[in-house]
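[1] Curious how this folds, go ahead:
(one chain, ligands or ions: 1)
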Amino acid sequence: LFGTMKIKNNELYIGGISTVELADKYGTPLYVLDEKLIRDNCRRYMESFKKNNPNNKVIYAGKAFLTIAMCQIINEEGLCLDVVSGGELYTAYKSGFPIEKVYFHGNNKTPDEIEMAIELGVGTFVADNFYEIDKINEIAKRKGTIQRLLLRITPGIEAHTHSYIKTGQLDSKFGFTILNNKTLTAVKRVMSLSNVELGGLHCHIGSQIFDIEPYLDEVDIMLSLIKGIKEELGYEINELNLGGGFGIYYREGDDPNSIEDFCSSILKRAQETSKELNIPLPSLSIEPGRSIVGNAGTTLYTVGSIKQIPGIKKYVAVDGGMTDNIRPSLYNAEYECIVANRIEGERREVVTISGKCCESGDILIKDIELPESNSGDILAVLSTGAYCYSMSSNYNKIPRAAVVLVKDGKSKVICRRETYEDLINREIAL
Ligand code: LLP
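    All right, here's what the predicted structure looks like:
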């Protein structure tokens, strides 16, 4: 059990509220977010990553989960924010998030997005390619400003994670390759232009990574690069952003490091390597997304049809599925689940939990042992705070689920459930 989860009267409680009551009050499927756990994770990062330098930054990766209320929490906790699109930027702006603390990512920001970001006053762009450096410079010039940017480098590190969420290897759509001195060429390009200013370097090796080793390699590779830039071009890089990707617990066998251990290993290695290379240590940044919000989210579903295929399998169908959580179908991601209204139920059995979409691959959990479920039971799928709501869809014209924040016995809807009207409201009849 994560964060404020408790078992009381044989029911699952989060934030001091019964999930059965939440399901009853707001309907299902329902994303429930444990506000205290989100804030605790933010604080643990802020505390442990700023230890050797108060200028070190923790930048929340909004792609994991972003709404106006989430931006407000991130701001109250003092983190910076990573956005990857005009839409995420707009959400941050509307929430009142300090725009100078926003980092704008992405491998193909459109001219419109660049223009919007410069107009709103985004603090830092993470430039991904030569086209973008030139575009940012051109638009900044037209607007009469100088735009700070980091260059995203592909450091050539293979992290052990699903191939769809690996990004650090040499063959990647992201960033400037470290091969053939392309990085130096990019730095020179920025230095030669009048309306962009080089703030530092960025890299990101992938997501849901448990090993610390690839991060330590990343630190070494990037600091050597920084030394090279200083020696060859006389330019001192003062921010090194190491990206995000720190793994979390989803199911038995997952063994993540604590936030504290993770941060302190990175800081220690950075200090050692910069000493060895005899260069000043730049300020460091990290971009956690999943590890801030992942375990803080739980999705509640109501069980509907139950079907036993004799001698083969029992399917328990819920009222959501790949529309609210695409991760099992997309990455074979695995989750843990509990029967929220009957934690210690009788007659345990192995079942497969299926979604309601017209798609055989819409299976949430394969072969999980649960107390015997009945139609009307509430299932709670754990650790769904990251990349579920943010990757949700309207496939089969299923309205998106509501998101409710819980804390100290109180609940608040931070994103209302979509209605059928919402679903057709951009459509135009013949
Ligand atoms: N920084 C950059 C540049 C990133 O590309 C990402 C994630 C992060 C930070 C945050 O990574 P995190 O700490 O959340 O792992 N949809 C996939 C994950 C895609 C991650 C994309 N980039 C999933 O559901 O597993």
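
[2] Report how many residues lie close to the residue of the stretch 51-200 of the chain at minimum distance from the ligand.
    Going by C-beta to the nearest ligand atom, the ligand is nearest to A61 of the stretch 51-200 of the chain, at 3.4 Å. Every residue, glycine included, has its C-beta placed from N, CA and C. Using other C-beta atoms under 10 Å, A61 has 28 other residues around it.

[3] V350 now?
    11.

[4] for the chain, which residue is closest to the average position?
    In the chain, the C-alpha closest to the average C-alpha coordinate belongs to A64, at a distance of 2.6 Å (C-alpha atoms, centre = their mean).

[5] okay but it is in contact with G289, surely?
    Yes: in this structure, A64 is within contact of G289 by C-beta atoms under 8 Å, at 3.1 Å.

[6] Overlap in contacts, these two.
    Common contact partners of A64 and G289 (C-beta atoms under 8 Å, 6 or more residues apart in numbering): A386.

[7] Give the buried residues for the longest strand seen in the chain.
    Longest strand in the chain, counting residues (DSSP state E): strand 297-309. Buried residues in strand 297-309, counted by 16 or more other C-beta atoms under 10 Å: G297, T298, T299, L300, Y301, T302, V303.

[8] Next secondary structure element downstream of the lowest-mean-pLDDT helix or strand in the chain?
    Ranked by mean pLDDT, DSSP states H and E, the helix or strand of the chain with the weakest confidence is strand 176-177, at a mean of 84. Using DSSP states H and E, the helix or strand that follows strand 176-177 in sequence is helix 182-192.

[9] contacts for that next one?
    127, 130, 133-134, 149, 151, 153, 176-177, 196-198, 201, 225, 228-229, 232-233, 235.

[10] Measure how far the longest helix anywhere in the chain is from the centre of its chain, please.
    Identified as the longest helix of the chain according to DSSP state H is helix 213-233. When distances are taken as C-alpha atoms, centre = their mean, to the nearest Å, helix 213-233 is centred 25 Å away from the chain's centroid.

[11] Mean confidence (pLDDT) on it, please.
    Average pLDDT, helix 213-233: 95.

[12] what helices or strands is it leaning on?
    For helix 213-233, the packing partners by 3 or more C-beta pairs under 8 Å, 6 or more residues apart in numbering; DSSP states H and E come out as helix 182-192, strand 196-202, strand 239-241, helix 259-277.

[13] R426: neighbouring residues, count only.
    Quick note: R426 (other C-beta under 10 Å) scores 6 neighbours.

[14] related to what we said a few turns ago, run me through the strand neighbours of the helix or strand just after the longest strand of the chain, direction for each.
    Using DSSP H and E, the helix or strand that follows strand 297-309 in sequence is strand 313-318. Paired neighbours of strand 313-318 in the sheet (DSSP bridges): strand 297-309 (antiparallel), strand 348-354 (parallel).

[15] what about the first one and the ligand, any contact?
    Which is strand 297-309. No: using C-beta under 6 Å from any ligand atom, strand 297-309 stays clear of the ligand, with a minimum separation of 12.2 Å.

[16] Point out where this structure drops to low pLDDT.
    158-168 (pLDDT under 70).

[17] Next to the ligand, which bits of the stretch 151-300 of the chain? Give me the list.
    So far as C-beta under 6 Å from any ligand atom goes, the stretch 151-300 of the chain lies against the ligand at 165, 204, 207-208, 243-246, 287-291.

[18] can you count the residues close to the nearest residue to G228 once chain neighbours are set aside?
    Once flanking residues are discounted, G228 sits nearest to L184: 7.0 Å by C-beta to C-beta, 6 or more residues apart in numbering. Neighbourhood size, L184 [other C-beta under 10 Å]: 16.

[19] Return the distance of L184 relative to T177.
    Distance from L184 to T177, counting by C-beta to C-beta, to the nearest Å: 12 Å.

[20] Give me the number of neighbouring residues for G345.
    G345: 17 surrounding residues under other C-beta under 10 Å.

[21] ugh, typo on my part, it should be I68
    Applying other C-beta under 10 Å, we find 15 residues neighbouring I68.

[22] Just to check, it is in contact with T91?
    Yes: because the distance of 6.1 Å satisfies C-beta under 8 Å, I68 is recorded as touching T91.

[23] can you list contacts of whichever strand or helix holds Y131?
    According to DSSP H and E, Y131 maps onto helix 130-143. Identification of contacts with helix 130-143 by C-beta under 8 Å, 6+ apart yields 108-109, 111, 114-115, 118-119, 125, 127, 146-147, 149, 151, 186, 189-190, 193-196.

[24] what distance separates it from the middle of the whole chain?
    28 Å.

[25] Then stretch 95-112?
    Stretch 95-112 has its C-alpha centroid displaced from the chain centroid by 15 Å (C-alpha atoms, centre = their mean).

[26] Am I right that N107 is in contact with T154?
    No: at 10.6 Å, N107 does not count as touching T154 under the criterion of C-beta under 8 Å.

[27] Pick out whichever of the two has more residues nearby.
    More neighbours surround T154 than the other of N107 and T154, with 24 against 15 (other C-beta under 10 Å).

[28] Give me the phi and psi for that one.
    phi -100, psi 100 (degrees, to the nearest 10).

[29] and it, what does it touch?
    Contacts for T154 (C-beta under 8 Å, 6+ apart) come out as T167, G168, Q169, L170, S172, F174, G175, F176, T177, I178, C203.

[30] ok, which pair from those residues is furthest apart?
    Largest separation among these by C-beta to C-beta: Q169 and F176, giving 14.1 Å.

[31] out of the two, which sits in the more crowded spot?
    A count of neighbours by other C-beta under 10 Å puts F176 above the other of Q169 and F176, at 23 against 15.

[32] Quick one: residues contacting that one.
    D128, N129, L151, R152, I153, T154, K182, T183, A186 are the contacts of F176 under C-beta under 8 Å, 6+ apart.
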